[in-house]
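Enquirer: here's a sequence, model it:
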Amino acid sequence: MHCYASLGNVERGQPAPRARAALFSVRNFAPGCTALLDAQLRTGALGRDDLHARLLVALEANAPDAVRVLGERLALDTGAVDLALSNPSKALAGKRARETMLIALSRLARKDPSEASERLEAIAPALQAADVAFARSQIAAAAMRRLDPRALEWTRASLDAPATDETWNWLARAALREQDWPTLRKVVARMSEAGRSEPAWVYWSARVEREAGNAAKADEMLRPIADQFTFYGRLAAEDLGSLTSPPPAALATTEDELAQAARNAGFDRALRFYALGLRFEGNREWNFQLRGMSDRQLLAAARWACAEQVLDRCVNTADRTRQEHDFALRFVSPFLDRMKPVAAGADLDPAWVYGLIRQESRFVRDARSWAGAQGLMQIMPATARWIAKKLGERNFRVEQLHDLDTNLRFGTFYLRSVLDDLEGSPLLASAAYNAGPGRPRNWRSTLSAPVEGAIFAEIIPFNETRDYVKKVLTNAVYYSALFTGQPQSLKARLGRVGPALSMPTDIP
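Expert: Numbering: from 1, shown residues only. From the prediction side, this is the model:
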């Protein structure tokens with residue numbers, strides 16, 4: 001959409017100030033963006049240096065289609081580009097154009113960082129200094145995604161690379177994993193202003209200052225994010241001396257406010273979509289109605305959604321308030337009378353189970369993921385069969401996962417299993433629930449020394465699992481505060497993670 005808007009300006013001979021940002025932000029070039037790219041080249045708004053810079057962005061994002069489009073505009077040999085993408089080792093064996101070698105090195109780094117490093121050292125004299133630094137940064141980033149212990153060494157060698165935040169985020173994690181605070185400071189300094197402003201790097205930059213003995217400066221840096229209800233907001237508040245509690249609840253919604261929500265025709269249409277099993281369409285209709293709503297209107301809509309048992313819309317709508325909040329709506333706890341005995345039977349904290357369900361399904365009982373996970377606790381069919389066998393339930397059918405009690409019983413059994421398998425660490429068990437128990441075992445085995453749980457959470461190499469773990473454990477802290485009425489520590493839940501051999505497990 002942004003590409004077409006800028007393209008229209010270019011074709012009308014008008015300024016297109018957002019064209020470059022549009023072209024540099026897309027992963028791949030759809031027809032509109034390809035047309036805009038060609039128009040910018042034709043008018044001279046972009047030149048060869050810009051194409052080279054955009055190629056590097058495509059390599060960082062591992063976007064081969066974009067690489068091919070840019071290779072054509074750079075007049076690179078098409079066959080050589082294809083070879084660099086498909087067989088980078090072979091491509092590096094011959095004499096290639098500058099950009100083609102960078103393509104091959106970047107692709108090889110993702111397959112084998114060690115070989116890429118060796119090849120880079122062999123051909124470095126044929127490359128410009130900036131190209132060598134960029135290639136090293138891609139080797140370092142790829143190594144960190146594999147939790148290769150040499151990632152930090154390669155990071156230190158690529159601090160002057162012409163890279164973007166896509167790369168600097170990984171290099172920052174490489175420094176963080178080894179608790180190399182001076183290198184972390186240098187990496188974050190290379191990020192864009194937007195990158196440095198991300199709560200994660202605000203928090204860890206503050207920790208850099210604290211580790212350097214600058215406590216007052218660290219506190220000053222943390223204050224702007226300490227009122228956020230997020231993972232790093234909670235860590236920042238805790239570093240400043242405040243445990244996690246829900247904010248004061250807004251005044252209760254009035255009958256008139258609830259009646260206004262009930263009269264909203266768009267909400268009614270959304271309910272009709274849900275009744276037909278069209279959840280995507282229903283969510284779009286519901287969310288469209290929320291545009292421009294005040295906090296009071298959002299809270300009324302959330303409470304009405306809860307009353308209608310559309311719990312995911314209740315949670316998501318309450319999540320949007322800016323000044324007035326009701327965390328009993330943000331963190332709903334339905335079927336508590338049925339959850340408590342099940343959680344107690346598995347010796348699990350109900351707050352953690354609710355935190356996991358909130359992230360897995362938003363309390364949609366018939367939720368089904370693209371991968372086939374089903375029900376409140378999003379259990380895969382194969383995992384469910386393993387659980388049924390362990391529980392001695394011979395007549396289990398996958399359809400039973402949509403039964404509330406079955407889903408809770410199976411999900412808590414599995415959660416207890418991975419918790420026991422990972423020495424009682426909720427952090428590792430949450431990662432195991434999302435990515436399988438073998439992966440956190442492998443990730444832990446790469447550590448050179450014990451790290452605090454927050455560091456381990458940030459260096460998880462899977463984007464989805466990293467985000468999942470942060471949200472589940474932040475959810476659990478809020479649920480625990482609501483259930484107990486007492487402030488809670490996120491750091492205590494995260495604990496510490498030490499290196500350990502990666503032993504095989506029979507848990508799927």
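
Enquirer: every contact and neighbour count from this point should use C-alpha atoms.
Expert: Fine.

Enquirer: flag the shaky bits of the stretch 251-400 of the chain, pLDDT-wise.
Expert: Under the criterion pLDDT under 70, no range of the stretch 251-400 of the chain is flagged.

Enquirer: now do the contacts for residue 117.
Expert: With contact taken as C-alpha atoms under 8 Å, 6 or more residues apart in numbering, residue 117 is in contact with 109, 136, 139.

Enquirer: ok, which stretches of the stretch 301-450 of the chain are helices?
Expert: Using DSSP state H, counting those that start in this stretch, the helices of the stretch 301-450 of the chain run over residues 311-318, 327-330, 336-345, 350-360, 381-391, 404-421, 426-435, 438-445.

Enquirer: now the ones you listed as a markdown table including mean neighbour count and distance to residue 18?
Expert: Shown next, in a markdown table, are the helices of the stretch 301-450 of the chain (neighbours: other C-alpha atoms under 10 Å; distance: least, C-alpha to C-alpha, whole Å):
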| stretch | mean neighbour count | distance to residue 18 |
| --- | --- | --- |
| helix 311-318 | 24 | 31 |
| helix 327-330 | 20 | 37 |
| helix 336-345 | 15 | 51 |
| helix 350-360 | 24 | 35 |
| helix 381-391 | 16 | 47 |
| helix 404-421 | 20 | 48 |
| helix 426-435 | 23 | 38 |
| helix 438-445 | 20 | 41 |
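
Enquirer: quick one, which of those gets closest to residue 218.
Expert: Among the helices of the stretch 301-450 of the chain, helix 426-435 comes nearest to residue 218, with 25.7 Å by C-alpha to C-alpha.

Enquirer: which strands and helices sit next to that closest one?
Expert: In this structure, helix 426-435 makes packing contacts with helix 404-421, helix 438-445, helix 463-484, helix 490-494, judged by 3 or more C-alpha pairs under 8 Å, 6 or more residues apart in numbering; DSSP states H and E.

Enquirer: distance to residue 341 and mean pLDDT for those - can I get that in JSON lines?
Expert: As requested, the helices and strands packed on helix 426-435 are exported to JSON lines (distance: least, C-alpha to C-alpha, whole Å; pLDDT from 0 to 100):
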{"stretch": "helix 404-421", "distance to residue 341": "10", "mean pLDDT": "98"}
{"stretch": "helix 438-445", "distance to residue 341": "29", "mean pLDDT": "97"}
{"stretch": "helix 463-484", "distance to residue 341": "15", "mean pLDDT": "98"}
{"stretch": "helix 490-494", "distance to residue 341": "22", "mean pLDDT": "98"}
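
Enquirer: next, format those helices as TSV and append distance to residue 372.
Expert: TSV is the format used below for the helices and strands packed on helix 426-435 (distance: least, C-alpha to C-alpha, whole Å):
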stretch	distance to residue 372
helix 404-421	14
helix 438-445	20
helix 463-484	17
helix 490-494	29
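
Enquirer: quick one: which of the helices of the stretch 301-450 of the chain is nearest residue 10?
Expert: Per C-alpha to C-alpha, nearest to residue 10 of the helices of the stretch 301-450 of the chain: helix 311-318, 39.5 Å.

Enquirer: the inter-axis angle of that closest one versus helix 350-360?
Expert: 90 degrees (axes from the mean of the first three to the mean of the last three C-alpha atoms, to 10 degrees).

Enquirer: which elements pack onto helix 311-318?
Expert: Counting contacts by 3+ C-alpha pairs under 8 Å, 6+ apart, helix 311-318 packs against helix 295-307, helix 327-330.

Enquirer: of the ones you listed, which stretch is the most buried?
Expert: helix 295-307 (a mean of 23; mean count of other C-alpha atoms under 10 Å).

Enquirer: next one: it to chain centre, how far?
Expert: 28 Å (C-alpha atoms, centre = their mean, to the nearest Å).

Enquirer: how about stretch 356-367?
Expert: The answer for stretch 356-367 is 18 Å, by C-alpha atoms, centre = their mean.

Enquirer: which residues are contacting it?
Expert: Residues contacting stretch 356-367 (C-alpha under 8 Å, 6+ apart): 310-312, 315, 331, 373-378, 402-404, 430, 468, 471-473, 475-476.

Enquirer: can you put the helices of the stretch 301-450 of the chain in CSV and add distance to residue 222?
Expert: Shown next, in CSV, are these (distance: least, C-alpha to C-alpha, whole Å):
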stretch, distance to residue 222
helix 311-318, 26
helix 327-330, 23
helix 336-345, 36
helix 350-360, 25
helix 381-391, 42
helix 404-421, 32
helix 426-435, 23
helix 438-445, 28
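
Enquirer: follow-up on the earlier one: now, the contacts of residue 117 that are in strands?
Expert: Using DSSP state E, the subset of the contacts of residue 117 located in strands is empty.

Enquirer: filter the residues you listed down to the buried ones.
Expert: 109, 136, 139 (16 or more other C-alpha atoms under 10 Å).

Enquirer: in helices only, show me those.
Expert: 109, 136, 139 (DSSP state H).

Enquirer: go ahead and confirm the first one touches residue 139.
Expert: Going back to what we said before, that points to residue 109. Yes: here residue 109 reaches residue 139: they are 5.0 Å apart, a contact under C-alpha atoms under 8 Å.

Enquirer: so for the two, which residues contact both of them?
Expert: Residues touching both residue 109 and residue 139 by C-alpha under 8 Å, 6+ apart: 116, 117.

Enquirer: quick check, nearest of the ones in helices among the buried ones among the contacts of residue 117 to residue 234?
Expert: residue 139 (33.3 Å).

Enquirer: thinking again about what came up before, among the helices of the stretch 301-450 of the chain, which is nearest residue 93?
Expert: Across the helices of the stretch 301-450 of the chain, closest to residue 93 is helix 438-445 (C-alpha to C-alpha), at 33.6 Å.

Enquirer: what score does residue 187 have for pLDDT?
Expert: The model reports residue 187 with a pLDDT of 98.
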